[in-house]
Structure formats: structure tokens, C-alpha cells
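Enquirer: kindly return the folded structure for what I paste below:
(2 chains)
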Protein chains: 2
Amino acid sequence: MSQTSQPIGIFDSGIGGLSVAYAILHQLPAELLLYFGDTAHIPYGTKPASTIRRYSENICRFLLDQGCKLIVVACNTASAAALNHLRHLWPDVPIVGMEPAVKPGALATRTGKVGVLATAGTFKSQRYASLMHRFAKEVELLENPCLGLVERIEAGQLDGPETEQLLRSIINPMLAAGADAFVLGCTHYPFVQPLIEKIAGPDIAIINPAPAVARQVERLLHESGQLSMEPLPHHRFFISGKDEDGHFKRMAKTLLGFSPELISGHLI
Amino acid sequence: MSQTSQPIGIFDSGIGGLSVAYAILHQLPAELLLYFGDTAHIPYGTKPASTIRRYSENICRFLLDQGCKLIVVACNTASAAALNHLRHLWPDVPIVGMEPAVKPGALATRTGKVGVLATAGTFKSQRYASLMHRFAKEVELLENPCLGLVERIEAGQLDGPETEQLLRSIINPMLAAGADAFVLGCTHYPFVQPLIEKIAGPDIAIINPAPAVARQVERLLHESGQLSMEPLPHHRFFISGKDEDGHFKRMAKTLLGFSPELISGHLI
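Expert: Next up is the predicted model:
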């Protein structure tokens, strides 16, 4: 396998990193992904940093053994605990980590108050302390470790009344304190972004770092000449009629079990 | 592109051929598909054979221009009207067609009476006449051109009361006449197979030809040395925990928009 066609490795404690995987799939449709969700050890956010480092090292070794050309630590807690350690172990591998998007939050706020939603592990980290230090003069960071939120999202409770109540208890005090920008500092949280938007209203900025991470992955692969050159081979579906209402696409998804690439209006 | 990695071309008037595409995807997961649904001209079943031949020729030319190594005419009406014509035009291309599965129906029946569900175009064809002639001594074929059924399936009405009423008006007289095997002689009909099973009951054989067509495709590609050797590159998702209830897979499908290949219980 050539360098360019090797997969991008990506890991998280569970499904949270799928928000980053989703962004990478859309930003870089020619790249293969190899995802690892450490669901046997979830949640990471409340475990000691040394434990998280050990898990992360083992997963990283697995992903590299599988031929990954770049690693995305798609977990804020693991990035805080293990990113430096992983870069030290594998200095030649590009490794991208997460951090709470405090800088975009600082750019977005008009009130100067930014709500940061992250895990306890992230807030306790040196990585976060240095972010705080850097932006402390510009903005006030309002923090909440969102206890139980990762577990609710893992359980698929993305929009039930209990998740909404939990989120209200996190968001409302920040709104009352004047926050007008919210930073999603855990890769699980973008999956409840619609609910956060419903609670916070339309005038609030919500910052999901996944698209920026996907662009960073693209930049690094481009610099090292490892961007995939060939689009992934894929099934293609043409229809001669229009599919303005998406009916054919929905039917195809129902009947095939996946949503095919569809080129409509291809009259011949 | 090498011969083996070229796509299999497959066409139909609309979504019906997806039942054949589905069978091929499962029988030959390493093969690429290129599907053409002629939805601008649907339905085929009530159009003159000369018109269907013209459409089929144009579509076939398009599929071959796209590099297809084998063509599946995944439409009984087009197979009846155009298969010989297409094979005459492209004698070097393996072309697989559909025909009502009268032989498997004849093998399955104990009463000697087989219900054949097809379109008017198929029943009027020489291909069907020759099938009838071949099996007339063994079994009695009870025919119904299922007027309006293709349109209902194209509209996505796979299990509503109106589709059920239409199917009862087709199936019940055949049951009353003693049929105990039903041949799905149009590639659209497998999508209402659950409804036909509900109406006809458990002791009735229902024959969907798609899996046999997929095996025929495999045989022809194997003979010509054109079977794809390399599995299609695909994203892979590992989790360290179990996924006994399919929760992770469902969540991943919700969050990513497709159902990933998932390897669970991969503890490291």
C-alpha cells in the first residue's frame, strides 16, 4: 500500500470521535478511515491521566500497526492527558489532537464571556491551563464539567427530556452570567448541538471544533505529500429523471441499506 | 483501470433493478456497481418493444463507455425486448438478463400450478412464449400483468392498504385456482415480497430470481478471469467493548449517515 492510500487513524473513548470522523469524511472524501472506540474503558473523562496515557499509547500502537499515516486523537480528555506523550513516542507520525476551541470562542463573543463545556479531565489538564492563561486577559471562561452528559450521549439519548434538563442546568447559568458563545470541548457534545441551540436560542455562537480539525488533517497530509490522490472507488447510481424531492435516494437507501452517490437528470 | 476493477453495469426502468443490485452487492462485495435507472421513461412494461430496445441500447452504450466489464439487464421487460439485440450489438460483452423463474417455480410446486407475476410486456414477449412452451407439459402457469404495481412500488408504497388490496386481487384468484408457488417476474416485485408472503401464507414458495442472477454474474466473471481480486477499500471501525445489542452500530449509522463495518470486542 502506498503512503497516500494508507488510512487515517482516529480514536476516542466511544462514539464521540465520530463527530470528528464525520467532519474528516466530508472534508476528505478520498481518505480511508480506521476508527477505534475504546468502549470497554468509557468514560475517559473521570479517569487518572496516567491511565488515559496507557490506553492511548496502546490504541496508537494498534493504529500504526494497521498502517495509519496520521493519527487523530479525537477525544479532548485523551489529547489533554496523552498528546505530548504520543508525539514523544512517535516523533515522525503526524498526530492531531483536540483542545477546547477557546480562541474561536474568544473571537465569537461580544459580551466577553465564553461558556466552556468539557470533561473534568480536560479542565484539570495543563493543556487547558495554558489555554486559559493565554486568553484570560481577553475573555472570561465559564466552565462546566457536564457530569453524566457523555454517558447520556453514548446511550443514544440525544434529545430526550432528561438530557434536555441536564443541558439546561449547564447552559442556563452560563446564559444568566452573560455568555454568548459556547465551546464544545468534548467530541461527544456536537451530537447534542441541536438541543443546545434550542436551549440557548439563535443569537448564541456554538463552536464545534471538528471541521477545523479536519482542515488541520488536510493541511498536514498536504505538507507531507500524503493526501490521497485517487478518490475511493465507489458504487455510482445514475437516473435519467429528476430526483428533486429526494424520493429515489430515500428509496435506494431503504432498499440497499446505504445511501448511494446519485447522479440524477442524466438523460441519454 | 484493470479489467478486474472495472464496474459491473446494471440497468432498469427505475428502482426495480435495485433488488438485483442488492443481491450482487451481497454475493460479490469486492465488485463496483454502476447502476442506471431510466426513471425519465418509466414504466417500461406498457411500452412497445421497439421503444424499449432503443432505450436499452442507449443505456448499454453509456454503461460500456463508462468502462463496465459486464452488463446486467435488471429489468424483465427490457430483457424480453432487447437482450438478443444487445448481445448482437456487443458480442464480446457478457450480458446477463432476467426471465421469469418458471423453472424454479416448476421445481417448487406440488400442485403443478405456478402463479407468474410479471408485466404485460414480459407476457407478450417471445422469451416468455418459449418458456411457456418448455414447461407447459409439467406445470400450469397462472398469469397476471399486475397493472399499477410497478408504479406503486416506485412511489414507495410497499406496505400500505392500497398496495395490499391490489396484491390480494392478484394473488387470491391464483391461490383459489391451486397455485402454491409464485414467480416474481419483474425486478420491482421483490420489494413487496413481505406483503405477498403475508397474503399467501407460510406454505407457499415465492421465487425472487435476484440471487440466482448474482450467482450467474459471478460465474461469468470467473470464467472470463474478470472477478475483482482486491476487496474494495473501506472505512473500518473497531470498538474494544462488545456491541451485542447493536447499539454502537445504530448510533454510528445515525451519526455518520451510513452503517460502518464494525469489529467489536477488540480489546487492546
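
Enquirer: the residue nearest to residue A:96 when sequence neighbours are not counted is in what secondary structure piece?
Expert: Ranked by CB to CB, 6 or more residues apart in numbering or on different chains and with sequence neighbours excluded, the top spatial neighbour of residue A:96 is residue A:72, at 4.8 Å. From N, CA and C alone the C-beta is placed, and that goes for glycine too. Here residue A:72 is covered by strand A:70-73, with elements defined by DSSP states H and E.

Enquirer: circling back: burial count for the residue nearest to residue A:96?
Expert: The local packing count at residue A:72 equals 31, with neighbours defined by other CB atoms under 10 Å in any protein chain shown.

Enquirer: against chain B, how distant is it?
Expert: Residue A:72 sits 13 Å away from chain B when distances are taken as CB to the nearest CB, to the nearest Å.

Enquirer: so who does that residue touch?
Expert: With CB atoms under 8 Å, 6 or more residues apart in numbering or on different chains as the criterion, the residues that contact residue A:72 are A:8, A:9, A:10, A:11, A:17, A:20, A:24, A:95, A:96, A:97, A:213, A:217.

Enquirer: so which of these sit within helices?
Expert: Secondary structure assignment by DSSP state H places A:20, A:24, A:213, A:217 of the contacts of residue A:72 in helices.

Enquirer: hmm, the last one is touching residue A:24, no?
Expert: Read it as residue A:217. Yes. Using CB atoms under 8 Å, residue A:217 is in contact with residue A:24, at 5.9 Å.

Enquirer: overlap in contacts of those two?
Expert: With CB under 8 Å, 6+ apart, residue A:217 and residue A:24 have common neighbours A:8, A:72.

Enquirer: in chain A, which spans are strands?
Expert: Ranges of strands in chain A, per DSSP state E, are A:8-12, A:33-37, A:70-73, A:95-96, A:113-117, A:140-144, A:181-184, A:205-207, A:236-239, A:261-263.

Enquirer: redo those strands as CSV? Include mean pLDDT.
Expert: Shown next, in CSV, are the strands of chain A (pLDDT from 0 to 100):
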stretch, mean pLDDT
strand A:8-12, 96
strand A:33-37, 95
strand A:70-73, 98
strand A:95-96, 97
strand A:113-117, 96
strand A:140-144, 96
strand A:181-184, 96
strand A:205-207, 96
strand A:236-239, 92
strand A:261-263, 87
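
Enquirer: so can I have JSON lines of those showing distance to residue B:29?
Expert: Compiled in JSON lines, those are given as follows (distance: least, CB to CB, whole Å):
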{"stretch": "strand A:8-12", "distance to residue B:29": "23"}
{"stretch": "strand A:33-37", "distance to residue B:29": "18"}
{"stretch": "strand A:70-73", "distance to residue B:29": "27"}
{"stretch": "strand A:95-96", "distance to residue B:29": "31"}
{"stretch": "strand A:113-117", "distance to residue B:29": "41"}
{"stretch": "strand A:140-144", "distance to residue B:29": "46"}
{"stretch": "strand A:181-184", "distance to residue B:29": "37"}
{"stretch": "strand A:205-207", "distance to residue B:29": "40"}
{"stretch": "strand A:236-239", "distance to residue B:29": "16"}
{"stretch": "strand A:261-263", "distance to residue B:29": "17"}
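
Enquirer: count of residues packed around the residue of the stretch 1-150 of chain A found nearest chain B?
Expert: Per CB to the nearest CB, the residue of the stretch 1-150 of chain A with the smallest distance to chain B is residue A:39, at 3.3 Å. Residue neighbour count, defined by other CB under 10 Å, stands at 22 for residue A:39.

Enquirer: excluding chain neighbours, what is closest to it?
Expert: Closest to residue A:39 by CB to CB, 6+ apart is residue B:241, at 3.3 Å.

Enquirer: residue B:266 versus the one you found, what's the distance?
Expert: Distance of residue B:241 to residue B:266, computed by CB to CB, to the nearest Å: 9 Å.

Enquirer: next to chain B, which bits of the stretch 51-200 of chain A? Give me the list.
Expert: A:58, A:59, A:62, A:154, A:156, A:191 (CB under 8 Å from any CB of the partner chain).

Enquirer: counting neighbours, which of these comes out on top?
Expert: Of all those, the highest neighbour tally under other CB under 10 Å goes to residue A:59, namely 27 neighbours.

Enquirer: check the offset of stretch A:180-191 from the chain's centre.
Expert: Remark: stretch A:180-191 is offset 9 Å from the chain centroid, using CA atoms, centre = their mean, to the nearest Å.

Enquirer: for the contacts of residue A:72, give me CSV that also has neighbour count.
Expert: Written out in CSV, the entries for these read as follows (neighbours: other CB atoms under 10 Å in any protein chain shown):
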residue, neighbour count
A:8, 27
A:9, 26
A:10, 29
A:11, 25
A:17, 26
A:20, 29
A:24, 25
A:95, 20
A:96, 21
A:97, 21
A:213, 25
A:217, 24
